[in-house]
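**Student:** prediction below, plus the sequence it came from.
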Amino acid sequence: MIKNYFALQYKMLNRQLADFGVPAAAAWIVLPAVFIGLSFYLFHKTAFARYIYILMAVSLTVNFTSSDRNNFLRSCFKQGDYYRVRLGENILVVLPFLIFLICKNCVASAGILLALATATAFISFKSKLQFIIPTPFYKKPFEFIAGFRKMWPALLCCYLFTIMAIVVHNFNLGVVALTAIFLLCISFYQEMETGFYVWVYSLTPHQFLKQKIATAAWQASLLTLPAAIALGICYPPHLNIIGLFFCLGHIYLATAICAKYSAFPQPVELPQVILLVAGILFAPLLILIIPYFYIRSLKKLNNLLR
Amino acid sequence: MISIENVSISFGSNNVLNNVHAHFSKGKVYGIVGENGSGKTTFFRCIAGIQAYSGHINSEFNPLKNHIGLLQTEPYFFSKITGREYLQLMCNARNIRVTDIDSKNIFGLPLNEYAATYSTGMKKKLALMAILMQENEILILDEPFNGVDIHSNILITEIIHQLKSLNKIILISSHIFSTLNATCDEIYLLGNGTFVKKVLKTEFSLLEQELINFTVGNKIEQLKLK
């Protein structure tokens, strides 16, 4: 039964990859290579890599801790098998991280990671915890409200990194934190709404996109300005760089919104992601990418917003 | 007024709606009945402009979609969005200024809790509250009584009466005949992709009997209950 469960998970993962527009066989070759490449890059760039690595790996296991999911698993498996499934899942997702840590001779870190992965297998969070985190975005739902509530720990980390950047006089770290906040804002637009939530607007496609982008710009500013202002005050000679990253962040956010609706009502697929990443890596390409996404979005939205 | 002429739609080889004709006037409540899968929801989606179709749907409201409040059979709610924020979102979408939500919360919904965690009936009431706050001229209510408690059923019936007196056009689908009997002026019977019958209020009891005879037939005897 446990074997069947994991076989089913493997099938589901392959289907998700196919839905995303990636052949599963290619993904299983490319993803490990990308993982190894990024890991080497991380360890090359910072002395804190092992801690970031542990944090990343453990955060993946946290995805398995929702009470709804675990109640379902408990109803399917005997108690012993349930814990075997949970442990198996956690070990599987942290395994690449564990192997890399051991290869890097970080045995103690690997041990800590294994212990944490084992511990989270026994944790089940009640997702119906009814504590509602207040947000400053009440007047303009929904992306930033939902995103803020889901990602507040990550946002908090970004602000802590900003403070750390100021305390240890590391401007680059501050820029990374500012960029990370923008990336989190972009991630708020991952969820594709149903057609109803587009249809309901009494706007033309152009007005709809304009309103979405304007709202995103305002709300993203609320999240990024504290970090940008703090960095600006502490690093006045670097104001131009802060301004550049601030503007680029807004441009990427607007591009991501256009990319999202260029695929509507389907979720964003690989071609859109590739174009978006190309635009992020080589900003001048945005001159072509933004109009492309924008025109495609107008066409897609035109079915519901006439 | 909404005028439906020759509206057809098919999914592959399945003709869901086939040359449908209907005329809906202001200040009237119309019931749409039909078996599961008969095309009621598709018909509503065509009027709302969510579903592409062939034929013509004309109205004095232009664009029609901006005057329609659509209550879906199973409303979808984003996670981490409270009931109050949902109402704000729906009003923003129609450029309606939100005022005094709490006094309008006649169903006593926990508006400060996440809407996605509401029960089926509470979700339906929240979605209904939203389209009422949008001040729409046309209300399409796809199974508004489904999953809703008896007290709220009574309230919804009274709301529909009030909307009628405000000269709105109301279309309702329901699988509970008594709710249609209490609210509708006319009932359209949808079968084989078209309206096979239009029944006025005076003939509702005949229609109900007809539906019972057609639906039940000798099926209960077939069960051979012991």
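**Tutor:** Now that the structure is in, tell me what you want to look at. These numbers were taken from a predicted model, which means no experiment stands behind them.
**Student:** B:E5: what's it in contact with?
**Tutor:** With contact set as CB atoms under 8 Å, 6 or more residues apart in numbering or on different chains, B:E5 has these partners: B:21, B:55-58. All C-beta spots, glycine's among them, are computed from the backbone N, C-alpha and C.
**Student:** want to throw those residues into JSON lines with pLDDT and distance to B:E113?
**Tutor:** Formatted as JSON lines, the contacts of B:E5 follow (pLDDT from 0 to 100; distance: CB to CB, whole Å):
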{"residue": "B:H21", "pLDDT": "93", "distance to B:E113": "45"}
{"residue": "B:G55", "pLDDT": "95", "distance to B:E113": "43"}
{"residue": "B:H56", "pLDDT": "95", "distance to B:E113": "44"}
{"residue": "B:I57", "pLDDT": "95", "distance to B:E113": "38"}
{"residue": "B:N58", "pLDDT": "94", "distance to B:E113": "42"}
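**Student:** can you list the residues you listed in JSON lines and add distance to chain A, secondary structure and neighbour count?
**Tutor:** Shown next, in JSON lines, are the contacts of B:E5 (distance: CB to the nearest CB, whole Å; DSSP: H, G, I helix; E, B strand; the rest coil; neighbours: other CB atoms under 10 Å in any protein chain shown):
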{"residue": "B:H21", "distance to chain A": "23", "secondary structure": "strand", "neighbour count": "13"}
{"residue": "B:G55", "distance to chain A": "16", "secondary structure": "strand", "neighbour count": "15"}
{"residue": "B:H56", "distance to chain A": "15", "secondary structure": "strand", "neighbour count": "10"}
{"residue": "B:I57", "distance to chain A": "12", "secondary structure": "strand", "neighbour count": "18"}
{"residue": "B:N58", "distance to chain A": "14", "secondary structure": "strand", "neighbour count": "13"}
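**Student:** show me which of these is closest to A:A146.
**Tutor:** For those, the minimum distance to A:A146 (CB to CB) is 34.1 Å, reached by B:I57.
**Student:** pretty sure the closest one contacts B:R45?
**Tutor:** No - using CB atoms under 8 Å as the test, B:I57 is too far from B:R45 to be in contact (11.4 Å).
**Student:** quick one: which of the contacts of B:E5 is nearest B:N6?
**Tutor:** The shortest approach to B:N6 among those belongs to B:G55, at 4.0 Å (CB to CB).
**Student:** is it true that that closest one touches B:S3?
**Tutor:** No - assessed by CB under 8 Å, B:G55 is found out of contact with B:S3, at 10.7 Å.
**Student:** tell me which helix or strand the residue of the stretch 201-306 of chain A found nearest chain B sits in.
**Tutor:** Nearest residue of the stretch 201-306 of chain A to chain B (CB to the nearest CB) works out as A:S202 at 3.8 Å. For A:S202, there is no host helix or strand (DSSP states H and E).
**Student:** can you list the residues of the stretch 51-200 of chain A near chain B?
**Tutor:** Neighbours of chain B within the stretch 51-200 of chain A, by CB under 8 Å from any CB of the partner chain: A:128, A:130, A:132, A:138-142, A:145-146, A:149-150, A:191, A:193-197, A:199-200.
**Student:** one more time with 10 Å
**Tutor:** Residues of the stretch 51-200 of chain A lying close to chain B by CB under 10 Å from any CB of the partner chain are A:127-130, A:132-133, A:135, A:137-143, A:145-150, A:191, A:193-200.
**Student:** from these, which land in helices?
**Tutor:** Those of those mapping onto helices are A:143, A:145-150, A:196-199, per DSSP state H.
**Student:** alright, that wraps it up for me.
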